[in-house]
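[1] Below are the sequence and a predicted model for it; my questions follow.
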Amino acid sequence: MPPPGGRNAIVGAFFIAAVALAVVVTAILSDLTSALVSTTRYVVRYELAHNAGLLTTGAEVRLGGMKVGKVSEIRQGEGDYLDVFIDVDSDLVLNEDAVVRLEVPVLGTGTVVNFISIGTGQRAPKDAQFMGRPSPGLLAQTGLDDNDMENIRNSIESIADTSARVSRMLENVEPRVGEAVEGINAALEDTRAITGNLRERLPRVGDQVETVLADVRSSVDVWTGLATRLDERTVELAAVIESVRDTIDSNRPNVDRVLADLADITARTNEEMLPAAIETVENARIASAEGAQLAADARALLDAETPGIRRASANLRLASDQAKLTMLEVRRSPWRLLQRPSTRELEGELIYDATRSFAQAASDLRAASESLISLSTDERGPVDIPGRQRAIEDLHEQLMSSFNRYRAAEQELLDRALDLGAGEPAGPSNRGG
């Protein structure tokens, strides 16, 4: 037997081992080891319709099905939201666009928060908030993702819509089915009648087909002969082409020389004749511009000298009238050139001078009037050019001056006539004395 002290040591060791084992088991069962792991807190926000209340404190937080943390608190958030606070391993990197959803088992309990993607954006800071997605339901247990579920949902809606449309179509088509069946029966009867008619006409059609085939054979023979002659003509054409090719080959130096001459002529034209032509056109354009300038200068000079030209023309006309009157006086009384006139003749000369002045004033008045009329209008209507307007004003002044001279000459003629009439009775008495 072991000594009493040895038994006490064994019992003490066994007790200590049992206590240590109990502590270890308790730690494992109560997940005390997680308290020794560094964690980071995040918030996952769910809508009330997502049933996030199925979660309990201590529920697992998974990443692709692997446990990475737990739910530490569930709290009513702002509005229609539940905020689920989770503590995950600090070594786990979650980005701001991470995807997290609620997973509810089909059977039993054990709702968890599962990250199906850690995202690719910027790393989420502590206490960052993620928008949770609802539980995908039974179909998610088969491995279908959200896109597959959306496609299935769209397919179901499309099938339902198609079924409704087919039902409506059947309701519209059903009354016409009977009519369609009757039409089909009538078409079958017509087909039977047509078949019987064809059966009766087949022998005659066969004869016609044989006749057509015979005609085709004759046509084929004709076309065969034409093809043979065409082959012969093709051989002749090939010979002609070969002869032309030989001719071209033999005359190639001449052709090359002609092409070279043409190229030389073209180059000389571009280098010599074309610049000369361009220079000629430019000189013509310059000459035209100078001619236009010369015409403008001449017109300006003519407008400037028009009053002087008109005065010279008036003086020339006056000299012509005076020369005409002088010739008339000399032709009528040539003796006056050699004889001194008497007092009577001088008095007659005065009346003649007054008459000549009156005729000259009337001529000036008529000439000024005609000039004014010619300047006031032309073939195209009234003239409204400033230069001619000034000329019209000058002629108006000349017209008024001529009219004044006309009146003065008329008055002088009347005075001379009155004086001559007053002195007429005294003539005979003097001659009688």
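    The structure has been received and is ready for your questions. Numbers count the residues shown, from 1 in each chain.
[2] just the strands in the stretch 201-350 of the chain please.
    In the stretch 201-350 of the chain, no strands are defined using DSSP state E, counting those that start in this stretch.
[3] Point out where it drops to low pLDDT.
    300, 303-308, 311, 332-333, 335-350 (pLDDT under 70).
[4] what about the helices in it?
    For the stretch 201-350 of the chain, the helices defined by DSSP state H, counting those that start in this stretch cover 252-268, 274-332, 343-376.
[5] Could you provide those helices in a markdown table, with additional columns for mean neighbour count?
    For glycine as for every other residue, the C-beta is placed from the backbone atoms N, C-alpha and C. Output for the helices of the stretch 201-350 of the chain, formatted as a markdown table (neighbours: other CB atoms under 10 Å):
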| stretch | mean neighbour count |
| --- | --- |
| helix 252-268 | 10 |
| helix 274-332 | 11 |
| helix 343-376 | 16 |
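[6] For V106, which of those is the nearest?
    Each of the helices of the stretch 201-350 of the chain has some distance to V106 by CB to CB; the shortest is helix 252-268, at 93.8 Å.
[7] any idea of the angle the closest one forms with helix 274-332?
    With axes from the mean of the first three to the mean of the last three CA atoms, to 10 degrees applied, the angle from helix 252-268 to helix 274-332 works out at 50 degrees.
[8] got the contact list for helix 252-268?
    Outside of helix 252-268, the residues within contact range by CB atoms under 8 Å, 6 or more residues apart in numbering are I248.
[9] Quick one: distance of that helix to the chain centre.
    48 Å (CA atoms, centre = their mean, to the nearest Å).
[10] next one: stretch 272-289
    40 Å.
[11] again, but for stretch 120-135
    With CA atoms, centre = their mean, you get 51 Å for stretch 120-135.
[12] Let me have the helices of the stretch 201-350 of the chain in JSON lines, extended by distance to R201.
    Formatted as JSON lines, the helices of the stretch 201-350 of the chain follow (distance: least, CB to CB, whole Å):
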{"stretch": "helix 252-268", "distance to R201": "71"}
{"stretch": "helix 274-332", "distance to R201": "83"}
{"stretch": "helix 343-376", "distance to R201": "104"}
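[13] for the ones you listed, which one sits closest to E73?
    helix 274-332 (96.6 Å).
[14] And for A124, the neighbour number?
    Per other CB atoms under 10 Å, the neighbour tally for A124 reads 19.
[15] Could you find the closest non-adjacent residue to S90?
    Leaving aside its chain neighbours, S90 sits nearest to S38 (4.3 Å; criterion: CB to CB, 6 or more residues apart in numbering).
[16] State the pLDDT value of that neighbour.
    Note on S38: pLDDT of 84.
[17] And for R356?
    At R356, pLDDT is 70.
[18] can you list the domains in this structure?
    1-30, 38-143, 340-427 (automatic domain parsing).
[19] Out of those, which one sits most buried?
    Among the domains of the chain, ranked by average contacts under mean count of other CB atoms under 10 Å, first place goes to domain 38-143 (a mean of 16).
[20] Go ahead and measure how far stretch 54-63 is from the middle of the chain.
    Worked out by CA atoms, centre = their mean, stretch 54-63 lies 64 Å from the chain centre.
[21] ok, now stretch 400-410?
    Taking mean C-alpha positions (CA atoms, centre = their mean), stretch 400-410 and its chain are 76 Å apart.
[22] Next, work out how far apart the closest residue in space to I248 that isn't next to it in sequence and L262 are.
    Distances taken as CB to CB, 6+ apart put V255 closest to I248, at 7.3 Å, once the chain neighbours are dropped. Separation of V255 from L262 (CB to CB, to the nearest Å): 11 Å.
[23] now swap in L48 and tell me
    95 Å.
[24] V216 too?
    57 Å.
[25] One more: N315?
    72 Å.
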